[in-house]
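In: Mind folding the following:
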Amino acid sequence: MESELQHKVAIITGASRGIGRAIAQELGRRQMRLVLVARSGDLLRELADSLGTESLVHVADLRDPEVPAAVVAATVQRFGGIDLVVNNAGATQRGDFLALGDAEWADGFALKFFGAMRLCRAAWPQLAASRGSIINIAGVGGRTASADFAIGGAVNAALLILTKALAHRGQTDGVRVNAINPGAISTERLLHRIQSVAAAQGLDQAAAAKAMAEKLGVPRFGTPEEIARAVAFLASPAASYCQGTILDVDGGETRTL
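Out: As a prediction, this is how the structure comes out:
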């Protein structure tokens with residue numbers, strides 16, 4: 001049976017590794033045509049070669065205010081339109097609030113929030129024409145505060161509010177806008193956190209990972225593929241009545257409304 005997403009065009013940011021890479025692989029299996037955006041050109045090209053679907057590699061830094069519009073222009077030139085934007089790019093620095101300066105705060109917002117906002121704005125006319133959708137990958141830190149994740153929590157919360165605001169506009173323009181909040185997902189970033197905890201507490205990595213999961217109150221860490229499948233659902237007609245939906249995919253870590 002053909003995928004309901006077959007031949008549609010998706011832009012995926014932060015596509016070179018982790019969650020973004022898994023999203024590209026999942027949408028590629030559904031025969032979407034993909035625009036893969038990240039700073040790591042070699043990783044993007046290797047991914048594109050492995051997907052078995054038509055892909056455009058766009059190596060760029062979304063911190064640059066001119067890049068989102070350039071990504072949209074390149075997509076339209078290659079594929080003629082846009083059906084889906086997945087804003088996944090962005091990593092923020094953890095640490096003591098008093099030790100984090102303005103540069104760390106500015107960098108956190110520059111990529112994950114402003115990069116996403118500008119890409120949504122640039123792609124909006126194309127998405128309205130195709131009655132397409134936007135999926136923002138935020139994070140559970142935007143719902144539950146943590147002292148060592150002040151930057152990330154603030155950025156994620158801003159991205160969630162942006163999701164709701166654009167969903168409101170999307171009711172008029174025919175664009176669906178939703179968000180996913182991943183919890184602790186097994187990526188390189190999580191591995192580095194596990195290694196840091198192991199070193200600080202004198203544990204091996206397996207023990208440190210178990211201790212971290214127990215502290216979060218989850219039985220295990222999630223996988224990038226689980227986030228990717230949630231993206232495929234929200235992008236599909238099966239989620240046609242989801243508008244402004246914020247989907248926590250976190251193994252039950254978030255226990256507040």
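In: For the rest of this, base every contact and every neighbour count on C-alpha atoms.
Out: Noted.
In: Helices along the protein, start to end?
Out: In the chain, the segments counted as helices under DSSP state H are 18-29, 41-51, 67-79, 102-109, 116-130, 150-173, 188-201, 205-216, 224-235.
In: what sits against T92?
Out: For T92, the residues meeting the contact criterion (Cα atoms under 8 Å, 6 or more residues apart in numbering) are 104, 107-108, 151-152.
In: ok, V140 - contacts?
Out: Applying Cα under 8 Å, 6+ apart, we find V140 in contact with 153, 156, 181-183, 248, 250, 254.
In: now L62
Out: Applying Cα under 8 Å, 6+ apart, one finds that L62 lies in contact with 38, 68, 110-111, 115.
In: State the pLDDT value of it.
Out: pLDDT, L62: 97.
In: now the angle between helix 205-216 and the worst-scoring helix or strand of the chain on mean pLDDT, please.
Out: When each helix and strand of the chain is scored by mean pLDDT, DSSP states H and E, helix 188-201 comes last, with a mean of 85. Calculated by axes from the mean of the first three to the mean of the last three Cα atoms, to 10 degrees, helix 188-201 forms an angle of 100 degrees with helix 205-216.
In: Now flag whichever of the contacts of L62 is closest to V76.
Out: The shortest distance between V76 and any of those, using Cα to Cα, involves P68 and amounts to 12.5 Å.
In: Do you know the pLDDT at the nearest residue to that closest one once chain neighbours are set aside?
Out: Computed as Cα to Cα, 6 or more residues apart in numbering, the closest residue to P68 that is not its neighbour in sequence is L119, at 4.7 Å. At L119 the predicted local confidence, pLDDT, stands at 98.
In: list the contacts for L119?
Out: With Cα under 8 Å, 6+ apart as the criterion, the residues that contact L119 are 68-69, 72.
In: for S240, same thing?
Out: S240 makes contact with 176, 234 under the criterion Cα under 8 Å, 6+ apart.
In: Quick test: name the residue nearest the centre of the chain.
Out: Centroid check for the chain by Cα atoms, centre = their mean gives N88 as the closest residue, at 2.2 Å.
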